[in-house]
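A.B. asks: Need the 3D shape of this:
(2 chains)
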Amino acid sequence: MPEKRIPLINLKEGQNGIIISISGGRNVIQRLTDMGLTPGTEIKMLRNGPLCPVEISVRGFNLALGNGLAAKIIVKVKE
Amino acid sequence: MKKITIALAGNANVGKSVIFNRLTGLHQHIGNWPGKTVEKAEGTLFHIDYTIDIIDLPGIYSFSTFSMEELISREYIAEEKPDVVINVIDATNLERNLYFTLQLIELGRPIIIALNQMDLAKKKGMCIDIKKLQNFLEVPVVPVIATQGKGIHELVHEAVTLFENGYKKPKIEYGKEIEEEIQKLIEILNKVELDYPKRFLAIKLLEGDEEIKKLVKKIDPKIIEIVEKHAKNIENIHGHDRFTVIASERYKIANEIVKDCVSIGPCKVKHSDKLHEITTHDFWGYLIMIFSLLSLFYIIFTFGNFFSDILVKSLMNLQPIFQQYFGMGTVSNLVWGVGEGLIAGITIVLPYILPFYVILGLLEDSGYLSRIAFLMDNFMHKIGLHGKAFIPLMLGYGCHVPACLGCKIMETQRERLIAIFVTTLVPCAAVTTVILGLVGKYVGLSWTLSLYVIDLIILFILGRIAFKVFPGEPTELIMEMHDYRMPDLRTVAKQTWFRIKDFIYIAFPLIIVCSFLIKVLDVTNLSESIENLMKPITVDWLGLPTFTGIALIAGIPRKELTLITLATHGGTTNFAAILTPIQMIVFSLVTMLYIPCIATIAALIKEIGWKKAIFITVFEIIFAIFVGGIAFRLLTL
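C.D. replies: Numbering: from 1, shown residues only, chains lettered A, B, ... in the order given. As a prediction, this is how the structure comes out:
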């Protein structure tokens, strides 16, 4: 079965994913990796409503990310 | 007395300032870092035969160069070489905090770890083996519960011991490949003498840190060429960019430490999760937000109005007593003018701004304001800002001075500027008293609310224009969502005091000077000629009576003075007798928008410089007059 790679923003609430890559400028990458979103890290989507940013759980804490950022992070869906 | 310097460093929101307050009590001084708009907190502690200077560095997540705060902190530690660095870390969030600790160790100063929020970690079922952690990091670790003052004394004791006994640099190694590259670079850097330790330089060069590259390039440009080759090599092997590779390495170590030192038992807290869920819900979250903000304003302004009335009456009773002693001549009149200015200031601060900021501080410390920032993120994006900008905007409803200074939470200069600009358009407490005193009292509730809605629309449109005018990509929201917690009263009290202090120190002297000048205008009958000069604007364009001219001038020092001046120059406090409802609406609208008061202008100059401050001021005056005139014409159609 081929693994599913999608932008973080398409991850459903309650789904887990593993970070594959982040696209974007150096600033974006720097800020996100500094917060622990390095490739290979497992994250869980906590909240992904239409009006709000997304909220994920990563390395034991919760992080809110603007929707634009969430679109730049590619994850592998963990079934 | 021996002198030592201790720096406090750590992530944002780990209780660093609570520890700072516990350590220094009232012996502290808050200013800016030289030439920067980043806050610098310093304090002094006396311990046995030591005088200990304590510097509270900004809360940061890394020593990259993303923000000014990160740059300032690492430059401070490298250049000023504090004797000891206390690294405050959050026990409930060890992994990410250790990522920063590892970088701090690379900077080479003696370090102690204050493992804070041990109580919360326990509640969450986390058991941290402190001995193991200490062995792993090779630095002293002191468990602390800052909010209860536990572990603070031990922290100071350890710091002094470390200072007296000397410090052995811990050796924490990265993965084999990276470590080899680092060692090679350290050799090459052999002759480079900079404030930073060689290992730190080597790692930063591998990461591609622009600032460090610049420094090294000045000494030997050849080194950079070699570094670039090594970095390429790393990128090829790992398949990610160099910064990500190094960050991953660091997180790997942090992760190993956590796995080894922390065991998780059953978690005892659950209710705060439910609260979090509902307050960030797509429907209920917004409903709760609107309800809580409206009730906040309602409570503050009904309470404030009541309290302020009593205060004004009792303070004004001083006038006859004053005149008894100083007579009723010109000089006494002038001095009383200053008194009136002071009274106007006090009757805004005590009844409105103070309680408003206390409640806001409680909401902030409990974690609710970050939920609001979360909910407002998409909306704020429309004006090129992210959710966090909503916090200074809220502060603006109290007073613009601390609100402008509060815009520091924005990450880039451009965002600070836009945030400051829209913040000055928010009706502050003083403007609200004018609106309530005129439109609220004589025209009705629906018009009062309409004015606020109109203001929000204007704010949104102008914000959007500002967003288009100042080019640049907006920074996206990255915000840690903390669990709700009981607010720490000391922190709230301190925070409130610093916000009010901004107002008192900047605004009060200016209020006194300007009230005096206005009284001079009065006494010398110049005010009449000014009113006449302003006639084309006030009477012809805005449709207001002549005497409102001086009232608008009086609003420059403090906006609430417009109402007082209106009464003195109109000859009555029954404003219905001197102004029509339409005139009241137009007058309130202009007052709301026309100029950031003198104290705000001072704050603007401090934060964004002369030119931009003057530009915003002039723009807002012209804009307010323009909008007022349009409103007058529309209302009299």
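
A.B. asks: and A:I6, which of the three is it?
C.D. replies: When classified by DSSP: H, G, I helix; E, B strand; the rest coil, A:I6 comes out as strand.

A.B. asks: ok, now how distant is the residue of chain A at minimum distance from chain B from B:L107?
C.D. replies: Evaluated by Cβ to the nearest Cβ, chain A has A:G66 as its residue closest to chain B, separated by 3.4 Å. All C-beta spots, glycine's among them, are computed from the backbone N, C-alpha and C. Taking Cβ to Cβ, to the nearest Å as the criterion, A:G66 is separated from B:L107 by 31 Å.

A.B. asks: ok, these two, which is more surrounded?
C.D. replies: Comparing A:G66 with B:L107 by neighbour count (other Cβ atoms under 10 Å in any protein chain shown), the higher total belongs to A:G66, at 24 against 20.

A.B. asks: Settle this for me: the more buried one is touching B:M479, isn't it.
C.D. replies: No: using Cβ atoms under 8 Å, A:G66 makes no contact with B:M479, being 9.0 Å away.

A.B. asks: Show me whatever sits in contact with both of those two.
C.D. replies: Counting by Cβ atoms under 8 Å, 6 or more residues apart in numbering or on different chains, the contacts common to A:G66 and B:M479 are B:G387.

A.B. asks: so what's the residue of chain A closest to chain B closest to, chain neighbours aside?
C.D. replies: Closest residue in space to A:G66, ignoring its immediate chain neighbours: B:E476 at 3.4 Å, by Cβ to Cβ, 6 or more residues apart in numbering or on different chains.

A.B. asks: Isn't the one you found up against A:A64?
C.D. replies: No: using Cβ under 8 Å as the test, B:E476 is too far from A:A64 to be in contact (10.2 Å).

A.B. asks: out of these two, which sits in the more crowded spot?
C.D. replies: Higher neighbour count among B:E476 and A:A64: A:A64, with 27 against 23, using other Cβ under 10 Å.

A.B. asks: What residues are bridge-paired with that one?
C.D. replies: Beta-bridge pairing for A:A64 (DSSP bridges): A:E55, B:M479.

A.B. asks: Let me know the pLDDT of it.
C.D. replies: In the predicted model, A:A64 carries a pLDDT score of 95.

A.B. asks: list the contacts for it?
C.D. replies: A:53-55, B:370, B:374, B:377, B:387, B:477-481.

A.B. asks: And the residue of chain A closest to chain B, its phi and psi?
C.D. replies: Note on A:G66: its backbone torsions stand at phi -60, psi 150 [degrees, to the nearest 10].

A.B. asks: you'd agree A:N62 is in a strand?
C.D. replies: Yes: using three-state DSSP, the secondary structure at A:N62 is a strand.

A.B. asks: May I see the buried residues of stretch A:41-50?
C.D. replies: Within stretch A:41-50, the residues that qualify as buried by neighbour count (16 or more other Cβ atoms under 10 Å in any protein chain shown) are A:41, A:43-48.

A.B. asks: So whichever residue of the stretch 451-600 of chain B sits closest to chain A: helix, strand or coil?
C.D. replies: Proximity to chain A, evaluated over the stretch 451-600 of chain B using Cβ to the nearest Cβ, is greatest for B:E476 at 3.4 Å. Here B:E476 is recorded as coil under three-state DSSP.

A.B. asks: how far does stretch B:13-30 stretch from start to finish?
C.D. replies: Stretch B:13-30 has an end-to-end distance of 18 Å (Cα to Cα, to the nearest Å).

A.B. asks: And for stretch B:188-195?
C.D. replies: Where stretch B:188-195 begins and where it ends lie 17 Å apart, using Cα to Cα.

A.B. asks: repeat for stretch B:118-133
C.D. replies: By Cα to Cα, the extent of stretch B:118-133 from end to end equals 14 Å.
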